[in-house]
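Visitor: pasting the structure only:
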Ligand SMILES: [Zn+2]
């Protein structure tokens, strides 16, 4: 596992400088919400997520899940993942930034 860049500025929002990593030839977009660290394989429309505070060692234990679309809010601080094309099953997340007041440090 190679971390390709560490360019995500705190509180910059998800869309302003997303962090990526390369895993077995696939480029994964890494997004941190308060509860989870999300790994999106945009090319294959699938993602994994791990509790944000978990060690990355557990990465390969997290199952891939297919998704249909990934939409960011206008401010780039939250996103919604649609798991099916009709958008009937949605997951949403809010970004964990430096000024975040959540208790999950
Ligand atoms: Zn947070």
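Guide: All right, it came through fine. These figures come from a predicted structure and were not determined experimentally. Residues are numbered from 1 along each chain as shown.
Visitor: How about residue 37, nearest residue that isn't a chain neighbour?
Guide: With Cβ to Cβ, 6 or more residues apart in numbering as the criterion, residue 37 has its nearest non-adjacent residue at 4.8 Å, and that residue is residue 52. C-beta: built from backbone N, CA, C; applies to glycine.
Visitor: I'd say the one you found and residue 38 touch.
Guide: No - using Cβ atoms under 8 Å, residue 52 is not in contact with residue 38; the gap is 9.1 Å.
Visitor: give me the low-pLDDT residue ranges for this structure?
Guide: Residues of the chain that meet the criterion pLDDT under 70 lie in 1-13, 15-18, 103-105.
Visitor: What parts of it come near the ion?
Guide: Within the chain, the residues that sit near the ion (Cβ under 5 Å from the ion) are 34, 96, 100, 102.
Visitor: what do you get if the cut-off is 8 Å, keeping everything else the same?
Guide: Where proximity means Cβ under 8 Å from the ion, the interface of the chain facing the ion comprises 33-34, 94-97, 100-102, 104.
Visitor: In PyMOL, how would I select just the buried ones from those residues?
Guide: In PyMOL syntax, the buried subset of those is picked out as below (16 or more other Cβ atoms under 10 Å):
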select buried, resi 33+95+96+97+100
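Visitor: Now the two most distant members of the residues of the chain next to the ion.
Guide: Greatest spacing in the residues of the chain next to the ion, by Cβ to Cβ: 33 and 101 (14.0 Å).
Visitor: Could you tell me how far the residue nearest to residue 37 is located from residue 36?
Guide: Look at residue 52 and residue 36: by Cβ to Cβ, to the nearest Å, they are 6 Å apart.
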